[in-house]
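Asker: sequence first, predicted coordinates after that:
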Amino acid sequence: MEGKYKVNVGKDPAEDYALQAIFELNRGVNQVEIVGYAENICKVVDVFLEMKSRLGDSLKISSHEIGSTKIKGKRSNYLKIVVEKIL
């Protein structure tokens, strides 16, 4: 399987999102995009660190993006990290 899988970080614990992302990488997805908006921005980093602690050096950041966008008429900041598993 190829492609990109998107994980939208919300109110659940970071470990849940990390396991979801690791599961998708193990299924064969090339890249996982981890995105958090507003108060969940810091949790994106927590998700990446949890994944890194489990996968070690087989995980790398392929790109990252910090910005803002309009959601429901209001401006909201976001953080996006794209990770991939190195074979």
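Answerer: Good, I have the coordinates.

Asker: buried residues, stretch 72-87. List them.
Answerer: Buried residues in stretch 72-87, counted by 16 or more other CB atoms under 10 Å: 78-85. Every residue, glycine included, has its C-beta placed from N, CA and C.

Asker: can you list the residues that contact it?
Answerer: 4, 21, 25, 30-38, 41, 44-45, 48, 51, 55, 57-70 (CB atoms under 8 Å, 6 or more residues apart in numbering).

Asker: what segments of the protein are helices?
Answerer: Applying DSSP state H to the chain gives helices spanning 14-27, 41-55.

Asker: packing partners of the longest one?
Answerer: The reference is to helix 41-55. Applying 3 or more CB pairs under 8 Å, 6 or more residues apart in numbering; DSSP states H and E, we find helix 41-55 packed against strand 4-9, helix 14-27, strand 31-37, strand 59-71, strand 74-85.

Asker: can you rerun that using 7 Å?
Answerer: strand 4-9, helix 14-27, strand 31-37, strand 74-85 (3 or more CB pairs under 7 Å, 6 or more residues apart in numbering; DSSP states H and E).

Asker: ok, the third one: who's next to it in the sheet?
Answerer: With DSSP bridges as the test, strand 31-37 is paired with strand 4-9 (parallel), strand 74-85 (antiparallel).
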